[in-house]
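K.L.:
coordinates only, sequence not included:
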């Protein structure tokens, strides 16, 4: 998650919530079968 911040600067640093969710393997968006139709 830090790759963009390293490459393009602090503007692309992910917020703490996203870092924590990524560490837990969670997704911000939930995908269900009905979402794909």
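P.N.:
Received, thanks. Everything numeric in this text was worked out from a predicted model, so none of it was measured. Numbering: from 1, shown residues only.
K.L.:
The most centrally placed residue in the chain: what secondary structure?
P.N.:
Nearest residue to the geometric centre of the chain (CA atoms, centre = their mean): residue 18, 5.0 Å. Using DSSP: H, G, I helix; E, B strand; the rest coil, the structure places residue 18 in helix.
K.L.:
Could you pull up the residues touching it?
P.N.:
1, 28 (CB atoms under 8 Å, 6 or more residues apart in numbering). Quick note: C-beta positions are derived from backbone N, CA and C, even for glycine.
K.L.:
how does it look with 10 Å?
P.N.:
1, 26, 28 (CB atoms under 10 Å, 6 or more residues apart in numbering).
K.L.:
For it, give its distance to residue 27.
P.N.:
10 Å (CB to CB, to the nearest Å).
K.L.:
Likewise for residue 3?
P.N.:
18 Å.
K.L.:
Tell me the secondary structure of residue 28, please.
P.N.:
Applying three-state DSSP: residue 28 is coil.
K.L.:
Once you drop chain neighbours, what's closest to it?
P.N.:
Leaving aside its sequence neighbours, residue 28 sits nearest to residue 21 (CB to CB, 6 or more residues apart in numbering; 6.5 Å).
K.L.:
does the one you found sit in a helix or strand, and which one?
P.N.:
Element membership of residue 21, judged by DSSP states H and E, is helix 16-24.
K.L.:
for that helix, which positions count as buried?
P.N.:
When burial is assessed from 16 or more other CB atoms under 10 Å, helix 16-24 yields no buried residues.
K.L.:
quick one: that helix to chain centroid distance?
P.N.:
In terms of CA atoms, centre = their mean, to the nearest Å, the centre of helix 16-24 is found 7 Å from the chain centre.
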